[in-house]
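Trainee: The amino acid sequence is not available; the structure is as follows:
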């Protein structure tokens with residue numbers, strides 16, 4: 001493993017859309033010298049309403065693509081894809097380190113004062129064995145409330161972080177959790193950190209909102225260091241963005257989120273595989 005990949009090989013990240021950019025942003029902050037390939041499968045967003053088998057097949061294909069691109073570590077920067085496919089992906093590619101998204105129930109359970117926490121996620125994340133395992137292992141004696149916030153991922157994909165519709169979805173979803181005693185909210189969808197300011201306004205500063213991005217970036221840092229894969233470069237790393245949706249719209253989103261503008265390549269699905277379009 002130590003010698004399998006050059007240290008300047010890229011980290012691969014993928015998500016159904018822009019959600020994984022919350023992870024990428026933190027990886028850039030903690031590991032500025034790393035090269036990154038980011039795949040947004042916007043042709044199939046949102047993953048949360050799809051079947052587990054459909055998500056597995058999409059995740060397998062994107063993983064294969066990132067491996068073909070020379071990724072030295074792959075981040076499944078999507079809670080839904082992690083819940084549906086992370087275990088199988090690791091079995092299929094044991095030679096590559098993977099980092100997935102695990103709902104941050106452990107820190108929530110450790111810090112709640114009311115012994116009640118709320119988890120915000122997609123339906124597929126709640127259906128997965130990963131979520132059930134996390135609750136079983138870490139939430140003993142803690143009431144865990146669930147909310148799916150229908151339509152919120154779509155709002156975030158459209159860049160409507162603070163629209164009236166977005167605020168209505170948040171208010172209708174989280175107010176009952178607070179009324180039932182939750183003093184901590186776990187963001188178990190990588191899209192959700194982008195609406196933390198709006199969420200905090202609704203629930204108040206006394207409610208602790210857990211953004212998993214820093215912990216995920218720390219885990220990436222740990223694995224790269226442990227396996228001697230950290231980049232030795234001193235210059236900022238290069239980032240390649242690839243979307244199966246509209247590259248121009250994705251590029252506009254990068255600007256809106258305060259990320260450095262970059263070229264965005266178009267990808268297409270063909271016979272169950274994803275590839276960069278030939279004219280790119």
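Mentor: Done, it's in. From a predicted model like this one, the values you see are computed outputs, not experimental measurements.

Trainee: tell me how far the ends of stretch 177-191 are from each other?
Mentor: Taking C-alpha to C-alpha, to the nearest Å, the first and last residues of stretch 177-191 lie 20 Å apart.

Trainee: pLDDT on that stretch, on average?
Mentor: Across stretch 177-191, pLDDT averages out at 98.

Trainee: in stretch 165-180, what counts as buried?
Mentor: Neighbour counts over stretch 165-180 (16 or more other C-beta atoms under 10 Å) mark 166, 167, 169, 170, 173, 174, 177, 178 as buried. Every C-beta, even on glycine, is put in place using the N, C-alpha and C of the backbone.

Trainee: and if you look at stretch 114-133?
Mentor: For stretch 114-133, by 16+ other C-beta under 10 Å, it's 116-122, 124-128, 130-131.

Trainee: Out of those, show me where the pLDDT dips lowest.
Mentor: pLDDT across the buried residues of stretch 114-133 is lowest for residue 128, at 85.

Trainee: Contacts only, for that one.
Mentor: Residues in contact with residue 128 (C-beta atoms under 8 Å, 6 or more residues apart in numbering) are 52, 82, 83, 84.

Trainee: Scan the residues you listed and report the most crowded one.
Mentor: When neighbours are counted by other C-beta atoms under 10 Å, residue 83 leads the contacts of residue 128 with 31 neighbours.

Trainee: Let me know the distance separating that one from residue 257.
Mentor: 25 Å (C-beta to C-beta, to the nearest Å).

Trainee: Among the buried residues of stretch 114-133, give me the pair with the biggest separation.
Mentor: 116 and 124 (24.0 Å; C-beta to C-beta).

Trainee: which intervals of the stretch 151-280 of the chain have sub-threshold pLDDT?
Mentor: Where the stretch 151-280 of the chain drops to pLDDT under 70, the residues are 280.

Trainee: Next: the stretch 1-150 of the chain.
Mentor: Using pLDDT under 70, the flagged stretches of the stretch 1-150 of the chain are 1-5.

Trainee: Now for the residue nearest to residue 245 when sequence neighbours are not counted: which residues touch it?
Mentor: Spatial nearest neighbour of residue 245, excluding adjacent residues (C-beta to C-beta, 6 or more residues apart in numbering): residue 42 at 2.7 Å. By C-beta under 8 Å, 6+ apart, the contact set of residue 42 is 16, 17, 157, 243, 244, 245, 246, 250.

Trainee: Pop out the phi and psi values for residue 42.
Mentor: phi -70, psi -10 (degrees, to the nearest 10).

Trainee: hey, which strand is longest across the protein?
Mentor: Assignment by DSSP state E gives strand 264-270 as the longest strand of the chain.

Trainee: Can you list the neighbours in contact with that strand?
Mentor: So strand 264-270 is in contact with 39, 43, 61, 240-244, 247-248, 250-251, 254, 274-277, 280, going by C-beta under 8 Å, 6+ apart.

Trainee: What residues sit buried inside that strand?
Mentor: By neighbour count on 16+ other C-beta under 10 Å, the buried set for strand 264-270 is 264, 265, 266, 267.

Trainee: do stretch 250-266 as well
Mentor: 250, 251, 253, 254, 259, 264, 265, 266.

Trainee: could you say what helices and strands the strand or helix carrying the first one packs with?
Mentor: So the one you mean is residue 250. Element membership of residue 250 [criterion: DSSP states H and E] is helix 247-256. Packing partners of helix 247-256 (3 or more C-beta pairs under 8 Å, 6 or more residues apart in numbering; DSSP states H and E): strand 239-243, strand 264-270.

Trainee: Compute the inter-axis angle for that helix and strand 264-270.
Mentor: Counting by axes from the mean of the first three to the mean of the last three C-alpha atoms, to 10 degrees, helix 247-256 lies at 140 degrees to strand 264-270.

Trainee: what is the orientation angle of helix 247-256 with strand 239-243?
Mentor: If you take the same axes, to 10 degrees, helix 247-256 sits at 130 degrees to strand 239-243.

Trainee: ok, residue 228 - how many residues close by?
Mentor: Other residues lying near residue 228 total 11 when counted by other C-beta under 10 Å.

Trainee: hang on, it in a helix?
Mentor: No. Assigned with DSSP: H, G, I helix; E, B strand; the rest coil, residue 228 falls outside any helix and is coil.

Trainee: the strands in the stretch 1-150 of the chain, which residues?
Mentor: Applying DSSP state E, counting those that start in this stretch to the stretch 1-150 of the chain gives strands spanning 11-15, 36-40, 73-76, 98-99, 116-120, 143-147.
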